[in-house]
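1. Here is my input; please provide its structure:
(one chain, ligands or ions: 1)
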Amino acid sequence: MSHSPLILDGNKLAAEIRSELREKVKQTGKSPCLAAILVGNDGGSESYVAHKMNDCAEVGFQSRLIRFPDSVSSQELLQAINNLNTDPNVDGFIVQLPLPPSISNQSVIQAIAPQKDVDGFHPENIGKLSLGLPGFVAATPWGIMELLRRYQIPLSGKHAVVVGRSNIVGSPLSVLMSRPGADATVTLTHSKTRNLKELCQQADIVVAALGIPGFLTADMVSEGAVVIDVGTTRVPDPSHPRGWRLKGDVDFESVAPKCSAITPVPGGVGPMTRIGLLMNTWRAFETK
Ligand code: NAP
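-> I've put the predicted structure just below:
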């Protein structure tokens, strides 16, 4: 059976939440400050950080960008992190990943003070997430949960299949969805999962977060499923002025007619992820 699914519009929701945050800033008369450390000149990282800084400006937050060349030493980077940890004017900060191969991501993440770790990558925040304690939740899983909540997509008792087990998306999302209160039954899958197609076919909710464009096809989803597409791969597109476009992990054209609800790419999970960072920054400011 083919029908028009509900399009879960991340752009629209993100705009609503930004105006809520603007209002909070106005009411308090105070402006939280987010800092970002950017190493090197990777095109993707440059544009992600620029978006984050613009988002701050849009809601009335302050922001600060600290740049280093690719040749930065671990010691210099750790010193910059320490400075931000102790700077009372900075509420939260991120170190944009990936870092040059000579620098250990883990040592950098672990150097961030957990109460300023607005990316939610520090082991203390991941531990709190697992235990259901208050802490910073990574922006993408937070954004997906908020999207589902605001669209009133029921999770309780539903079977959710999450494809991809990364530390920043699939794993934390599986924890959030299966927590008391959310109450989904979650199957977390990965590249070694054997019967992935059959598992997806049994799901009420499928989250595709693996980074393979068009991976989830119509034969893998059941009628009426809710499909969340996290993938954002740049694929060549000569018709686009910049020569590429973003493509999700879901074959939208074939899958959408079978779904009850689906996120588009772009305009679904991406804008909600950006909101996740703003919300964590607000929280860091409020709880300091
Ligand atoms: P990642 O770290 O590369 O992890 C990919 C996961 O997918 C791994 O767990 C991997 O399994 C699994 N996988 C790979 N091939 C598979 C297959 N054939 N079948 C089942 N599982 C498979 O990726 P990520 O950082 O989570 O990102 C995933 C995608 O989301 C990327 O396109 C990324 O750009 C996008 N993303 C978007 C946002 C947003 O805001 N929209 C935010 C973050 C990421 P193994 O563990 O077994 O290797």
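2. Which pLDDT value does the model give Phe286?
-> Slight slip there: residue 286 is Glu, not Phe. Looking at Glu286, its pLDDT is 94.
3. Need phi/psi at it.
-> Main-chain torsions, Glu286, degrees, to the nearest 10: phi -70, psi -30.
4. So it versus the ligand, what's the distance?
-> Counting by Cβ to the nearest ligand atom, to the nearest Å, the gap from Glu286 to the ligand is 24 Å. Placement of C-beta: from N, CA and C, glycine included.
5. give me the element the residue in the stretch 1-150 of the chain that the ligand sits nearest to is part of.
-> Closest to the ligand within the stretch 1-150 of the chain is Thr140: 4.1 Å, counting by Cβ to the nearest ligand atom. Assigned by DSSP states H and E, Thr140 belongs to helix 139-150.
6. got it, and Leu78?
-> Secondary structure (DSSP H and E) places Leu78 in helix 74-86.
7. residues making contact with that helix?
-> 35, 37, 39, 66, 68, 90, 93, 95, 99, 102-104, 107-108, 111-113, 116 (Cβ atoms under 8 Å, 6 or more residues apart in numbering).
8. repeat that for 7 Å
-> Residues outside helix 74-86 that contact it (Cβ atoms under 7 Å, 6 or more residues apart in numbering): 35, 37, 66, 68, 90, 93, 95, 103, 107-108, 111-113, 116.
9. Flag every buried residue along it.
-> Residues Leu77, Ala80, Ile81, Leu84, Asn85 are the ones in helix 74-86 that count as buried (16 or more other Cβ atoms under 10 Å).
10. swap in stretch 29-36?
-> Neighbour counts over stretch 29-36 (16+ other Cβ under 10 Å) mark Pro32, Cys33, Leu34, Ala35, Ala36 as buried.
11. Kindly report the same for stretch 101-115.
-> By 16+ other Cβ under 10 Å, the buried positions in stretch 101-115 come out as Ile103, Val108, Ile109, Gln110, Ala111, Ile112, Ala113, Pro114, Gln115.
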